[in-house]
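Colleague: Mind folding the following:
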Amino acid sequence: MKRITTAVLVFSWLPQWFFIAWCRNHPLWVDHYYGNTLYPWLQSARIYFLERLAFSFGDLIYLALLSGIGVLVIHFRKKLFQNLWERLFQGMAMLAVVHLFYQLSWGLNYYRTPLAVQQNIPLEYEEWELESTLAILIQKTESLHDQLSVSDSTPVVFPLRKQDYIRLLGNTPAKKSLWSWPLTYMGYAGYLNPFTGEAQVNSLLPMLSFIPTAAHERGHQEGIAAENEANFHAFLTTYQHDNKYIRYAAYCFALRYCWSALYRLNPGCANERTQKLRSGIRKEYQAQQAFWNAHRNPLQPILDKVYDRFLKANGQAAGQKSYSQVVALLVAYQTEL
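Modeller: Below you'll find the predicted structure:
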């Protein structure tokens, strides 16, 4: 019976693959039956039970699983390579169950209709449009910096704790990840646990990055899978916030992406804009970059490639570059900035 169950699970990869391929080509079906029906119900149930926990339940599950795997490997190390084909089939069977659970609990959100398609937003823009958007963002950012900093040459000091800003962002707040230290060395600012529906934020991040990252992960929590759309959600839910410090973080977040896009198109123009930017704001960006530079590790290129492949496998053709595609959405939205 055990072998029959294993065989059924292994061969379940085939219908799962066909179903995912079908979903890729039928986003309206995914929108209706999953995005607007099953997922909201599932997420509401998870939030009801887990939001009461101050810690990340999903992080504890990962810790327990890794510990359990480690104990089993050590205990059965002599038998690990006996009946190798049987072990491989058992592993494929377990992965089939995990994959199915992943897709049903969150992964199908990747196949929903993109926001740009829904709103007929072009993903390409002219350089002058980008410059216009950047000028607005610089004006808004500098205005807030003037209100919140001691002088134009000093960074903004955020008066509240990170946990306080998380609470200000909404009723279903993100949680500080218990894995923040390894996440930092892996180059990750946060992540959504697809199995528990919890939004995790790297608690070691500088505050200027921490706030938009928390909003970004909450976007994933609401079923927004595409990274550019989650970035756009982060901006939309923070740039008009009652708290000026959250608004400042939002505009700095959008400004960084738009400046980087202009730098790729016209480095000279981008550098000219940088030189005119308040030195206190420049220091904050430099502090962000210094944070990541201090935590780089030799495996970073490999980890980046793995994550890039993961995004592409889930329908985001641009991979990690999809984060920066938020610029097209910001340019289209510039009249509202």
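Colleague: sec struct for Glu223, please.
Modeller: Rather than Glu, residue 223 is Gly. coil (DSSP: H, G, I helix; E, B strand; the rest coil).
Colleague: show me the contacts for it.
Modeller: Gly35, Tyr39, Pro40, Gln43, Trp106, Asn109, Arg112 (C-beta atoms under 8 Å, 6 or more residues apart in numbering). Using the backbone N, CA and C atoms, a C-beta is placed for each residue, glycine as well.
Colleague: From Tyr191, how far out is the last one?
Modeller: Meaning Arg112. Computed as C-beta to C-beta, to the nearest Å, the Arg112 to Tyr191 distance reads 19 Å.
Colleague: can you check the second one too?
Modeller: Taking C-beta to C-beta as the measure, Tyr39 falls 18 Å from Tyr191.
Colleague: How about the third one?
Modeller: Using C-beta to C-beta, Pro40 is found at 21 Å from Tyr191.
Colleague: Show me the helices in the stretch 1-150 of the chain, by range?
Modeller: Using DSSP state H, counting those that start in this stretch, the helices of the stretch 1-150 of the chain run over 2-11, 13-24, 27-29, 39-50, 57-75, 84-105, 115-118, 127-148.
Colleague: Run the chain-centre distance for the third one.
Modeller: In terms of C-alpha atoms, centre = their mean, to the nearest Å, the gap separating the centre of helix 27-29 from the centre of its chain is 23 Å.
Colleague: which residues touch the closest residue to Pro27 other than its chain neighbours?
Modeller: Using C-beta to C-beta, 6 or more residues apart in numbering and skipping residues adjacent in sequence, the residue nearest Pro27 is Thr113, 4.3 Å away. Thr113 is in contact with Pro27, Leu28, Val30, Asp31, counting by C-beta under 8 Å, 6+ apart.
Colleague: Filter the residues you listed down to the buried ones, PyMOL style.
Modeller: Buried subset of those, written as a PyMOL selection, criterion 16 or more other C-beta atoms under 10 Å:
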select buried, resi 27+30+31
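Colleague: outside of stretch 310-319, which residues touch it?
Modeller: So stretch 310-319 is contacted by Arg24, Gly107, Tyr110, Tyr111, Ala225, Ala226, Glu227, Asp308, Arg309, Gln320, Ser322, Gln325 (C-beta under 8 Å, 6+ apart).
Colleague: And that stretch, how far out from the chain middle?
Modeller: Using C-alpha atoms, centre = their mean, the offset of stretch 310-319 from its chain centre is 13 Å.
Colleague: got the buried residues for stretch 149-165?
Modeller: Ser149, Pro155, Val156, Phe158, Lys162, Tyr165.
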